[in-house]
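Engineer: sequence and predicted structure are below.
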Amino acid sequence: MGYIWNFKVVWENLEFFQKGIYFTLLMSAQVYILSLLLSVLFLIGLKSRFQFLRFIIGGCLEVFRNIPLLVFLIWVYYALPILINLKITAWEACLWTFALNLSGFLTASLKGKLESIPRSQYHSGLVLGLNKVQIWYHIILPQVFRASLPDLLNFLILAIKSTSLASVIAIPELLYQSNVLISNTYRPLEVYSVLALCYTLILLPLSLGAGLLGKKLQLSTKNL
Amino acid sequence: MSLKIDNLTKEYANTKVFANLNYQFEPGQIYCIFGPSGLGKTTFLNCIAGLEPFDFGSITYFENELNGFGAWQKFYQNTAFVFQDFGLWPHKTALQNVILAPKLQSKKQSFDFSYINELFSRFGLSQHHHSFPAFLSGGQAQRVALIRALAVNPKILLLDEITSALDRANKLIVAKVLQELASLKTIIILVSHDIEFLEMFEHQRIELISSKN
């Protein structure tokens, strides 16, 4: 095709990528931690005795999971502030949108793991005289956590990938920084290639790790 | 010290599983619940252990009626249950399964392993202290579940099909252990179809009869 690659523009503007990576990772970390906390709360809600609460939370999670993330983000950033007269920064809009979406999936995954533990494991602890806290601490949670580890890594990957959408509301993460660099240098092919490489370098180790972990756990736990 | 059941009735969607059962279980006796499959023997055992709600009637232990979570919680300090599917905790080794409850209940710093070691060797599992349940055979897992139940020194022992995975030699050992426990004033209630096993010790039969209405 005769295109002459010129990666000099990338080398000379590495600080653009550095800043992008910083904000991508910062947002991913915040999104991930927030969605973990939210999932635990949602899970407790879903296991509550009150049917109304279970219904409401179940419905909300369904909505969080099913709205396209970009639509969700734009709605939260542009429509929600007008609707309820709320001042919200672009960063907060991204954080909450991504975290709610992610926790929709995370809660479903944790709930599945929780329900896959046979009742008799809970009951045998109870009849042997353990109290509820002891049963959760010694029997239920270690198993849920262990079974969820590969999923938790996969959700971290999902969190990192979703943050690229934040570029549409001018969060200076990787994709946004790349676009700025392109408008400065008119070198989209080089910049986008390096952008793709950056994401690959961040995500590939996590993805491989999740795969390995899954295999290792499968070998060591065969359910009775 | 007896366990009394008055008028116990359990229904599923207007079908009575069992109705108006009255029994008094005395310490030092072994009771065997009999009856064809599907009559609710396991349900009955679960109701006695408070794991399934019942519709009418009452359960009284030691003159205290068991109603409300606190009363049951106190009752559970004296009980142990071996489930049909054993209910072992797969993330803990055989030994960890066995010692979790007694360790949490004993206030002492040091824990006496001699009784537990003795149980392991009596059931021929000395080599399997550190095996995970997934790596035990069905019969071994069942014996670990029984050891776990015995390790808390229960005053009431509930056993659901305790010999389903055991050979004759092991059934004899279990029968002997149960008789010893009965002589120590334990109430033992078991569900079993195993004629060979039931011939190994003296017991009271409780016949569940179908209660069609």
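Structural biologist: Now that the structure is in, tell me what you want to look at. Owing to the predicted nature of the structure, the values given are computational and were not obtained by experimental measurement.
Engineer: can you pull out the helices in chain A?
Structural biologist: A:8-12, A:14-46, A:51-66, A:69-74, A:80-84, A:90-115, A:119-127, A:132-135, A:141-162, A:174-185, A:188-220 (DSSP state H).
Engineer: before we move on, what about chain B?
Structural biologist: Secondary structure of chain B (DSSP H): helices at B:41-48, B:69-75, B:94-105, B:114-122, B:138-150, B:168-183, B:195-198.
Engineer: closest one to A:Cys60 among those?
Structural biologist: Closest to A:Cys60 of the helices of chain B is helix B:69-75 (CB to CB; 30.2 Å). To be clear about C-beta, it is placed using only N, CA and C from the backbone, and glycine gets the same treatment.
Engineer: any idea how far chain B is from A:Pro188?
Structural biologist: 51 Å (CB to the nearest CB, to the nearest Å).
Engineer: also A:Val127?
Structural biologist: Distance from A:Val127 to chain B, by CB to the nearest CB: 4 Å.
Engineer: name the nearest residue to that residue, ignoring sequence neighbours.
Structural biologist: B:Phe81 (4.1 Å; CB to CB, 6 or more residues apart in numbering or on different chains).
Engineer: surely that neighbour and B:Leu150 touch.
Structural biologist: No. Contact status for B:Phe81 versus B:Leu150: not in contact, 11.8 Å apart, counting by CB atoms under 8 Å.
Engineer: which neighbours do the two have in common?
Structural biologist: B:Leu157 (CB atoms under 8 Å, 6 or more residues apart in numbering or on different chains).
Engineer: so for these two, which sits in the more crowded spot?
Structural biologist: B:Phe81 (27 against 22; other CB atoms under 10 Å in any protein chain shown).
Engineer: partner residues bridging the more buried one?
Structural biologist: B:Leu158 (DSSP bridges).
Engineer: list the contacts for it?
Structural biologist: For B:Phe81, the contact set (CB under 8 Å, 6+ apart) comprises A:123-124, A:127-128, B:45, B:49, B:51, B:87, B:149, B:157-160.
Engineer: any idea how far it lies from B:Phe201?
Structural biologist: 20 Å (CB to CB, to the nearest Å).
Engineer: need the pLDDT of residue 59.
Structural biologist: The chain I'm using is chain A. A:Gly59 is assigned 96 on the pLDDT scale.
Engineer: oops, I was thinking of chain B
Structural biologist: For B:Ile59, pLDDT reads 92.
Engineer: for the nearest residue to it once chain neighbours are set aside, give me its contacts.
Structural biologist: Closest residue in space to B:Ile59, ignoring its immediate chain neighbours: B:Leu66 at 4.8 Å, by CB to CB, 6+ apart. Neighbouring residues of B:Leu66 by CB under 8 Å, 6+ apart: B:Gly50, B:Ser58, B:Ile59, B:Thr60, B:Trp72, B:Phe75.
Engineer: now which of those would you call buried?
Structural biologist: Burial by neighbour count, judged by 16 or more other CB atoms under 10 Å in any protein chain shown, picks out B:Gly50, B:Ile59, B:Trp72, B:Phe75 from those.
Engineer: interface residues of chain B facing chain A?
Structural biologist: Residues of chain B lying close to chain A (CB under 8 Å from any CB of the partner chain) are B:49, B:51, B:73, B:76-81, B:83-91, B:100-101, B:104-105, B:132-134, B:141, B:145, B:148-149, B:152, B:158.
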